[in-house]
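Enquirer: Would you be able to build a 3D model of this:
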Amino acid sequence: MSYSPAELLAVIAARQLAGVKSVFAGVGIPLLAAALAQKTHAPDLTIVVEGGSIGPELLPGQLPISTNEMRVAHRARVLPGITDTFLFAQRGFLEVGFVGGAQVDRFGNLNSSVVGPYNHPQVRLPGSGGANDIISLCHRVMVVTMHERRRFVPKVDFVTSPGFLSGGTSRRDAGLLFGRVSQVVTNLGILGFDEESKAMRLEGLHPGVSVDEVVEMTGFDLLINDQLPISDPPEEKELALLRELDTERRFI
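Expert: Below is the predicted model:
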């Protein structure tokens, strides 16, 4: 069964939520992947959305494109204020954060603010929203993004959401004592970070993808594991549920 790169990304991201009880998901592919996980291998997963929705029921074909619209509140267990939602994260109740960004660098820092100089940007982006809080407060954070050289840069133009800053102990030295970026999930592979240097490391490939292809699509030198497991391709059931969730193909 054929599938698009975005469908592959959503399915692989969803699989990373096996055994997870709560996920703070951004809209787009992160939210779509969380909804897919809930319908397959993580039925007890509680989805939390930044605008103030805990445990919503995401209706097929009606995925929200904003964290503040009513579709994200359908049959939610709790509808707290946005500040209370982040307070739950601060108290350690939210296990995994799912975020994306326009740029990610070798230490997992994310940029969703500007491309180019801050005062004279080539492109001005939406900004942080809750992404900074998610990456700073959740137990662990997975970055979900398409793998393109323009996205994987040596140093982000603006640190909207702090990963491991300049590597080593710099995140902790800056006072960020909680949480960490654990994985970067892309349409080409799965990447993690070296325990000491905190530099990004290739840890797995998707079907039909070579190490050379990942290296070519990355704008900095990657560490590469000796063993690189190959992900199982998306199953027909996963793709059928995914396409049912996003019938208008807004994200896939």
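Enquirer: So in terms of bridging, what pairs with the closest residue in space to P121 that isn't next to it in sequence?
Expert: Counting by CB to CB, 6 or more residues apart in numbering, P121 lies nearest to V114, which is 3.8 Å off, once chain neighbours are set aside. All C-beta spots, glycine's among them, are computed from the backbone N, C-alpha and C. Listed beta-bridge partners, V114: R124 (assigned using DSSP bridges).
Enquirer: Burial check on V114, number of neighbours?
Expert: Residues lying near V114 (other CB atoms under 10 Å) number 21.
Enquirer: ok now do it, which residues does it touch?
Expert: V114 makes contact with P121, Q122, V123, R124, L125, D157, F158, according to CB atoms under 8 Å, 6 or more residues apart in numbering.
Enquirer: The first one in helix, strand or coil?
Expert: Yep, that's P121 we're talking about. Classification of P121 using DSSP: H, G, I helix; E, B strand; the rest coil returns coil.
Enquirer: ok, it - how many residues close by?
Expert: A count of neighbours around P121, defined by other CB under 10 Å, yields 14.
Enquirer: Was I right to think it contacts V115?
Expert: Yes - counting by CB atoms under 8 Å, V115 is a contact partner of P121 at 6.0 Å.
Enquirer: Overlap of the contact sets of the two?
Expert: Taking CB under 8 Å, 6+ apart as the contact rule, P121 and V115 both touch D157.
Enquirer: I'd like the contacts of V114 as CSV, with distance to A37 and pLDDT appended.
Expert: CSV is the format used below for these (distance: CB to CB, whole Å; pLDDT from 0 to 100):
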residue, distance to A37, pLDDT
P121, 35, 93
Q122, 35, 93
V123, 31, 92
R124, 33, 93
L125, 27, 91
D157, 32, 97
F158, 31, 96
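Enquirer: I appreciate the help and will end here.
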